Structures are given as C-alpha cells and as structure tokens.
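# Next come a sequence and a model predicted from it.
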Amino acid sequence: MSTLDDLAEALAIDVLKAVDKLGDEQLIQDVATVLAATSTPTEEAFLSAVRVRQAERRGRQFLTTYIERAIKKRNAKGSS
C-alpha cells in the first residue's frame, strides 16, 4: 500500500471506532469534507477505506445471522 492508502486506512479505522462509540454516522462525512478541502485524493482514499470496512462488517453480520438461523433450523428439524 502507498503512504496515502496507509494514512487513509488508519484514519478510517479511527473514525469508524468513534462512530461506534458516539453513534454519529455524520462524522464520516464531516471528516471527508475536511480532507476534501486540502486533498481530494486523501478524501477519496479515506471514503474507500470506510466503505470497504463497512461492507466487510455487513458481510460478517450477514454470515453470523445466516449461521445462527441455519443452526436453529437444523436443531428444530432434529428435535421433531
């Protein structure tokens, strides 16, 4: 990864942690706006890093829910 990507990813991680603690999704856009004022490439890299991490989180949540439902379904069939 480039320095730009490394820095944007580190910032994305920190911002997402803050969003989790504060419950304020607007923080992502606010940080992106600050970055855009000085460096569009940094803003784009930051937003990409945020989207990738959010998508991965949603994918993991889906997988966890899917597995839980499949286990419940299997157990329900087994107890019949």
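All right, it came through fine.
# any idea how far Ser39 is from Leu11?
12 Å (CB to CB, to the nearest Å). C-beta here means a position set from N, CA and C on the backbone, and glycine is covered the same way.
# between those two, which one's more packed in?
Leu11 (17 against 14; other CB atoms under 10 Å).
# Can you point out the buried residues in the longest helix seen in the chain?
Using DSSP state H to define each element, the chain has its longest helix at helix 40-78. For helix 40-78, a neighbour-count test (16 or more other CB atoms under 10 Å) marks 42-43, 45-47, 49-50 as buried.
# Please apply the same query to stretch 8-19.
8-9, 11-12, 15-16, 19.
# Report the secondary structure element holding Ala18.
Assigned by DSSP states H and E, Ala18 belongs to helix 3-22.
# residues in contact with that helix?
1, 24-25, 27-28, 31, 41-42, 45-46, 48-50, 53-54 (CB atoms under 8 Å, 6 or more residues apart in numbering).
# Out of those, flag the one nearest to Lys73.
Gln54 (28.4 Å; CB to CB).
# how about that closest one, what does it touch?
Residues near Gln54 by CB under 8 Å, 6+ apart: Leu16.
# 10 Å instead?
Gln54 makes contact with 12, 16, 19, 25, 28 under the criterion CB atoms under 10 Å, 6 or more residues apart in numbering.
# ok so, going back, out of the buried residues of stretch 8-19, the closest to Gln61 would be?
For the buried residues of stretch 8-19, the nearest to Gln61 is Leu16 (14.3 Å; CB to CB).
# Alright, I will stop here.
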